[in-house]
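Asks: Sequence and predicted model, in that order:
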Amino acid sequence: GEVICRTDPDLPKHRGLTGFVVDMHAPGVEVRPLRQMTGGTAFNEVFFEDVRVPDDHRLGDVNQGWTVALTTLMNERASIGGGGGGGGMGMASATRMIEMMRHFGVEDDPVLRNELARLYTGFQVAKMTSQRALAKLRAGGLPGPEMSIGKLALTANLTATAEFAASVLGPRLIADTGEWGTYAWSKFVAGTPGMRIAGGSDETLRNIVAERVLGLPKEPGIDTTSAFRDLPRN
């Protein structure tokens, strides 16, 4: 695991932090899984009881942990946003969606056809945006705040996919009758809301995009200028 620790209480806010790698099997580390409505445990509570971390597990320089945290998060968002949910339809492929509509006899429903077109368009726009950001990385650049757009696109596309599946399936979604293409979607629909906090909540990412990509005014009373001073602008 990665932890960001307060190492200099005299330095203001983010300036007195240091990053470390922690062995999750070390004595004193306790992981308590949080059971989700999907039945899985993708999120956990982690408790540290007198855990000692050697200095050779330090990430970067002392008191430079904020830079470590931002670098980690930007790369995580680049990885998440550039994956199937952000840049390609994945499970929500157009072929799969069309076949599901045909199976349940709603392929001519104008409302569902419009929803599917919007869903497909959303994935294609995310794919193009992701390709532009990844081209910057291939040219030797670093993930910047614009990678937050990919993560936001991911959650938006997954949410749209879940809503579309629910619209097509209706009550079939919640009862395991053994019918093809019905209950298998329940875990997807139930798990999608969790993505809104993975890799940074939607609200946090919108602030980053607004301030660091679009250059909009900061939220009153919150000064993020110094915190993001080393980050490149898009």
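Replies: All right, it came through fine. Residues are numbered from 1 along each chain as shown.
Asks: Would you point out the helix or strand in this protein whose mean pLDDT is lowest?
Replies: Least confident element among the helices and strands of the chain, by mean pLDDT, DSSP states H and E: helix 84-87 (a mean of 44).
Asks: For residue 138, give its distance to residue 149.
Replies: Residue 138 sits 18 Å away from residue 149, going by CB to CB, to the nearest Å. C-beta: built from backbone N, CA, C; applies to glycine.
Asks: more neighbours, these two?
Replies: Set side by side, residue 138 and residue 149 show more neighbours around residue 149, with 23 against 7, by other CB atoms under 10 Å.
Asks: ok, that one - contacts?
Replies: Listed by CB atoms under 8 Å, 6 or more residues apart in numbering, the contact partners of residue 149 are 81, 129, 133, 209, 213.
Asks: how about JSON lines for these, with pLDDT, distance to residue 195 and secondary structure added?
Replies: Compiled in JSON lines, those are given as follows (pLDDT from 0 to 100; distance: CB to CB, whole Å; DSSP: H, G, I helix; E, B strand; the rest coil):
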{"residue": "81", "pLDDT": "62", "distance to residue 195": "11", "secondary structure": "helix"}
{"residue": "129", "pLDDT": "80", "distance to residue 195": "17", "secondary structure": "helix"}
{"residue": "133", "pLDDT": "73", "distance to residue 195": "19", "secondary structure": "helix"}
{"residue": "209", "pLDDT": "85", "distance to residue 195": "17", "secondary structure": "helix"}
{"residue": "213", "pLDDT": "81", "distance to residue 195": "21", "secondary structure": "helix"}
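Asks: how about the residues you listed in JSON lines, adding neighbour count and distance to residue 70?
Replies: Below are the contacts of residue 149 laid out as JSON lines (neighbours: other CB atoms under 10 Å; distance: CB to CB, whole Å):
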{"residue": "81", "neighbour count": "28", "distance to residue 70": "16"}
{"residue": "129", "neighbour count": "19", "distance to residue 70": "21"}
{"residue": "133", "neighbour count": "21", "distance to residue 70": "16"}
{"residue": "209", "neighbour count": "19", "distance to residue 70": "15"}
{"residue": "213", "neighbour count": "16", "distance to residue 70": "15"}
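Asks: So which residues of this protein form helices?
Replies: Counting by DSSP state H, the chain has these helices, from start to end: 65-81, 84-87, 94-103, 110-138, 147-169, 186-191, 202-208.
Asks: Redo the ones you listed as JSON lines? Include distance to residue 30.
Replies: Output for the helices of the chain, formatted as JSON lines (distance: least, CB to CB, whole Å):
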{"stretch": "helix 65-81", "distance to residue 30": "23"}
{"stretch": "helix 84-87", "distance to residue 30": "31"}
{"stretch": "helix 94-103", "distance to residue 30": "41"}
{"stretch": "helix 110-138", "distance to residue 30": "37"}
{"stretch": "helix 147-169", "distance to residue 30": "29"}
{"stretch": "helix 186-191", "distance to residue 30": "25"}
{"stretch": "helix 202-208", "distance to residue 30": "27"}
